[in-house]
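S.K.: Here is my input; please provide its structure:
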Amino acid sequence: MSSARSTGREPEEPAPGTTRFTVSIPESLHRAFLSYLEERRYPNRSEAVRDLIRNALIEEQWADDTSEVVGTVTLVYDHHIRELTDRLTRVQHEFHDVIIATTHVHLDHSNCLEAIVLRGTANRVRAVAYQLTAVRGVKHGKLVCTGSGAGLA
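M.R.: Numbers count the residues shown, from 1 in each chain. Predicted structure coming up:
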């Protein structure tokens, strides 16, 4: 017997290397999920579910202090604050093994933004991010955690 819905069409076979599965969820959660899809402009539910699974797996990676991860730290600061750039540079040199690249942008006459790309164990990447964002004079700092993409389809 066909598992096709009311359209009368046979369901398409999944692409090679792809598994199809069914999920049962409460109607209210389904409606919220459909709103989520629309807001984020997902072309279909499958792509959204894939992204949600990838995000969960990356969060697990970051929970393991010894796991190899990547991330970025974004800092906004006033470069006129005495010795601030020197303090930031010292921290960056202390963690030279974790810092892959740094981009410096002048936002206006006083404010600068630095985007620092990091790669290393989760505990080491967090350590440099926390030290940089805690430097006195940094107006805002944020670590964005991600993975290298290895092991994710």
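S.K.: okay, stretch 120-137 in CSV with CA atoms only?
M.R.: This file holds the C-alpha atoms of stretch 120-137, laid out as CSV (Å, rounded to 0.1, in the frame of the first residue of the first chain):
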residue,chain,number,x,y,z
GLY,A,120,42.0,24.8,18.7
THR,A,121,40.6,22.7,21.5
ALA,A,122,37.3,24.1,22.9
ASN,A,123,38.8,25.0,26.2
ARG,A,124,41.7,26.8,24.6
VAL,A,125,39.5,28.7,22.2
ARG,A,126,37.1,29.7,25.0
ALA,A,127,40.1,30.8,27.1
VAL,A,128,41.4,33.3,24.5
ALA,A,129,37.9,34.6,23.8
TYR,A,130,37.2,35.1,27.5
GLN,A,131,40.5,36.9,28.1
LEU,A,132,40.0,39.2,25.1
THR,A,133,36.5,40.2,25.9
ALA,A,134,37.5,40.8,29.5
VAL,A,135,40.2,43.3,28.7
ARG,A,136,39.3,46.7,30.3
GLY,A,137,38.2,49.1,27.6
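S.K.: and that stretch, which residues are buried?
M.R.: The neighbour-count check on stretch 120-137 (16 or more other Cβ atoms under 10 Å) flags 120, 122, 124-129, 131-132, 135, 137 as buried. The way it works is simple: take the backbone N, C-alpha and C, and place the C-beta from them, glycine included.
S.K.: where's the residue nearest to residue 131 when sequence neighbours are not counted, which helix or strand?
M.R.: Residue nearest to residue 131 in three dimensions, not counting chain neighbours: residue 91, with 5.0 Å by Cβ to Cβ, 6 or more residues apart in numbering. Taking DSSP states H and E as the criterion, residue 91 maps to helix 84-94.
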